[in-house]
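In: structure, please.
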Amino acid sequence: MNGILLRLAAPLMSFGEHAAFHYRDTLPFPSRSALIGLFAAADARPRSEALAPDSATGQNPYTDLTFTVRIDRPGTRHTDYHTVGGGRPHRQGLRTSSGAYRPREKSTLITERVYLADAVFTLAVQGPDPFLEHLLKRLEQPAFGPYLGRRACLPNEPLVLAGPHPDPVGELLHHVPLSLTTPPRTDLPPSRSTRTASAATTHARPSSPASTGMG
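Out: Next up, the predicted model:
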């Protein structure tokens, strides 16, 4: 089955599993619901219509999608400290489960949000060819800004690596390079081969810049 290749990388991302209001956890990898939300936003679908049937086919367009996730860099779990509702007038503060307003002395609610810091995932997304081509165009020119689990978690570029591809899982496993765990060292002296290559290119005729692959 054909597919497209995506790269999910960001300073912070979160894929909720336990979503109690005061504590929001994250899975160690992108969830299906988070990916569908990303696609629906790119396709101009509001949250209330993310899973609505397609007007042309009468079916949910995401049902037939299959995801294969490669963990290039698992990232580090980061817990962010939040306070909600403090400093507001009593009748504009938070409510309890019964609908009443919280007492003034308890108007501030402490919450924790868990993120993955500096994680990188590479994905193969497989599905029907017409929808993949449509999805690819939408991801390259999204209607709503893409984010990785929470609106503050904007993805790095490139988001789309390739596609449609006849064997996206094989490409993912054997050809797409892994992201570096740490940045390359820049404080080391160049090796002899590097110095020789640099000297050899000093007198070479200038050429057009080469394209840079994924780091």
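
In: mind listing what's buried in the longest strand belonging to the chain?
Out: The longest strand of the chain (DSSP state E) is strand 109-126. Under the neighbour-count criterion of 16 or more other Cβ atoms under 10 Å, strand 109-126 has 113-116, 118-126 buried. C-beta: built from backbone N, CA, C; applies to glycine.

In: reformat the residues you listed as JSON lines; add pLDDT and distance to residue 135.
Out: Shown next, in JSON lines, are these (pLDDT from 0 to 100; distance: Cβ to Cβ, whole Å):
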{"residue": "113", "pLDDT": "91", "distance to residue 135": "29"}
{"residue": "114", "pLDDT": "94", "distance to residue 135": "29"}
{"residue": "115", "pLDDT": "95", "distance to residue 135": "26"}
{"residue": "116", "pLDDT": "96", "distance to residue 135": "24"}
{"residue": "118", "pLDDT": "94", "distance to residue 135": "27"}
{"residue": "119", "pLDDT": "96", "distance to residue 135": "23"}
{"residue": "120", "pLDDT": "96", "distance to residue 135": "21"}
{"residue": "121", "pLDDT": "96", "distance to residue 135": "17"}
{"residue": "122", "pLDDT": "96", "distance to residue 135": "17"}
{"residue": "123", "pLDDT": "95", "distance to residue 135": "12"}
{"residue": "124", "pLDDT": "96", "distance to residue 135": "13"}
{"residue": "125", "pLDDT": "96", "distance to residue 135": "8"}
{"residue": "126", "pLDDT": "96", "distance to residue 135": "11"}
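
In: re earlier: beyond the longest strand of the chain, next helix or strand please.
Out: Counting by DSSP states H and E, the next helix or strand C-terminal to strand 109-126 is helix 129-140.

In: that older thread, quick one, the longest strand of the chain and helix 129-140 angle?
Out: Here the directions of strand 109-126 and helix 129-140 differ by 130 degrees (axes from the mean of the first three to the mean of the last three Cα atoms, to 10 degrees).

In: pull up the pairing partners for strand 109-126, direction included.
Out: strand 3-13 (antiparallel), strand 23-24 (parallel), strand 66-73 (antiparallel), strand 76-84 (antiparallel) (DSSP bridges).

In: how about the longest one as PDB, C-alpha atoms only?
Out: What follows is strand 3-13 as a C-alpha-only set of coordinates in PDB (Å, rounded to 0.1, in the frame of the first residue of the first chain):
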ATOM      1  CA  GLY A   3       2.100   6.000   1.800                       C
ATOM      2  CA  ILE A   4       3.700   9.200   2.800                       C
ATOM      3  CA  LEU A   5       6.600   9.800   5.200                       C
ATOM      4  CA  LEU A   6       6.400  12.400   8.000                       C
ATOM      5  CA  ARG A   7       8.800  13.700  10.500                       C
ATOM      6  CA  LEU A   8       7.500  14.900  13.900                       C
ATOM      7  CA  ALA A   9      10.000  17.000  15.800                       C
ATOM      8  CA  ALA A  10       9.600  19.900  18.200                       C
ATOM      9  CA  PRO A  11      11.100  21.400  21.400                       C
ATOM     10  CA  LEU A  12       7.900  20.100  23.100                       C
ATOM     11  CA  MET A  13       5.100  17.800  22.200                       C
END
